[in-house]
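Visitor: I would like the atomic coordinates for the input below:
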Amino acid sequence: MEATGKSTPPSLSLPWKTRLALSVISTFTDASCRNDGTVNRRLVNLFHFRSPPTPKSVNGVMSYDVVVDKTRNLWFRVYAPTQHVADDLPVIVFFHGGGFVFLSPDVPSYDLVCRRFARKLPAVVVSVNYRLAPEHKFPVQHDDCFDVLRFLDDDVNSSKSLPKNANLSRIFVGGDSAGGNLAHHVAHRACEYDFKHIKVIGVVAIQPFFGGEEEADSEIRLEGAPIVSKKRTDWMWKAFMPQGEGFDRNHPIINVSGPNALDISKVNFPPTMVVIAGFDPLHDWQKRYYEWLKRSGKEVYLFDYPNMFHAFYIFPELPESSQFFGQVKEFVHKVSSAIG
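Guide: Numbers count the residues shown, from 1 in each chain. Okay, the predicted model is just below:
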């Protein structure tokens, strides 16, 4: 049940380890965001611990990095399960969260998440490093992520970059928070692009970062919940949005299901799983996204974690995290099986 009030809901019962990590994340984020709209990258880099790739298998998964465009620092990390080298595997193109402002594929939390995807599904995972705001405004992030699909569609690039058992006709795009926003819009662009080889057949939208000009009820009701706050999301949207007329938070890139929503009823949009959580202030925006896809006649599935918070799934100590990976596995298998 969702709680009311403006402090962290008392029924959100978490292990001390998780609470400590959430406190550190929130403190670090707030300290890095300057009042003038810039980010203290020196502070960010000071605490930006990186996990190196592992060309030799670690817990059944090997990983390596591939450069797409050195001039814009566009690269991705590939994760391949080593116990399934003879199996035909789907490809998960994953976009990390961080409000379009923070994080990268090589931070320990996302490195572990992508390893879990690769091992548990199993799948080949492509985790994308896109340029960040506020140094780079929209549409840079979305262009970078879409360009990775274009890169993989090239015969030479894909043969050099991916394991031989990666099935390019079974690509899922996915991501959490800002990465969930990217996953939706990249999938939409893919529907309207004439790829030679790759086919996007599914979307995994994990607590996607959407918003609007108005305040959603969940943003007010859940003020004080972990990680996400109205103050932080306001700052991040301003960092992300380009300056000038005609671009506010009702732009469809942000308010995907709002008054300026694009008509996707005639678009062959792929099956989508939408993950939401009861103590996520973005809950109502994500629920509206699900309902909009459903009204548009799309195949969409809602996975609701009423007692969890934003980004809960990156904490392996939580039982709901394991449940989440199991549900992604079921979704990927169901969609892959449906296309034969």
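
Visitor: wait, what's in contact with V203?
Guide: F172, V173, G174, A183, H184, A187, F269, P270, P271, T272, M273 (Cβ atoms under 8 Å, 6 or more residues apart in numbering). All C-beta spots, glycine's among them, are computed from the backbone N, C-alpha and C.

Visitor: swap in W237?
Guide: Contacts of W237 by Cβ under 8 Å, 6+ apart are G211, R249, I254.

Visitor: now the strands for the chain?
Guide: 61-69, 74-81, 89-95, 124-129, 166-176, 200-206, 272-277, 300-305 (DSSP state E).

Visitor: mind putting the ones you listed into CSV with mean pLDDT and distance to P226?
Guide: Listed next are those as CSV, based on pLDDT from 0 to 100; distance: least, Cβ to Cβ, whole Å:
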stretch, mean pLDDT, distance to P226
strand 61-69, 98, 28
strand 74-81, 98, 27
strand 89-95, 98, 22
strand 124-129, 98, 24
strand 166-176, 98, 14
strand 200-206, 98, 16
strand 272-277, 98, 10
strand 300-305, 98, 13
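
Visitor: distance to V140 added to these, as JSON lines?
Guide: Output for the strands of the chain, formatted as JSON lines (distance: least, Cβ to Cβ, whole Å):
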{"stretch": "strand 61-69", "distance to V140": "12"}
{"stretch": "strand 74-81", "distance to V140": "10"}
{"stretch": "strand 89-95", "distance to V140": "13"}
{"stretch": "strand 124-129", "distance to V140": "13"}
{"stretch": "strand 166-176", "distance to V140": "16"}
{"stretch": "strand 200-206", "distance to V140": "21"}
{"stretch": "strand 272-277", "distance to V140": "24"}
{"stretch": "strand 300-305", "distance to V140": "28"}
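
Visitor: on that earlier part again, turn the contacts of V203 into JSON lines, columns for neighbour count and distance to G326.
Guide: Below are the contacts of V203 laid out as JSON lines (neighbours: other Cβ atoms under 10 Å; distance: Cβ to Cβ, whole Å):
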{"residue": "F172", "neighbour count": "29", "distance to G326": "16"}
{"residue": "V173", "neighbour count": "32", "distance to G326": "20"}
{"residue": "G174", "neighbour count": "27", "distance to G326": "15"}
{"residue": "A183", "neighbour count": "27", "distance to G326": "20"}
{"residue": "H184", "neighbour count": "24", "distance to G326": "23"}
{"residue": "A187", "neighbour count": "26", "distance to G326": "23"}
{"residue": "F269", "neighbour count": "21", "distance to G326": "25"}
{"residue": "P270", "neighbour count": "21", "distance to G326": "21"}
{"residue": "P271", "neighbour count": "18", "distance to G326": "18"}
{"residue": "T272", "neighbour count": "26", "distance to G326": "18"}
{"residue": "M273", "neighbour count": "24", "distance to G326": "12"}
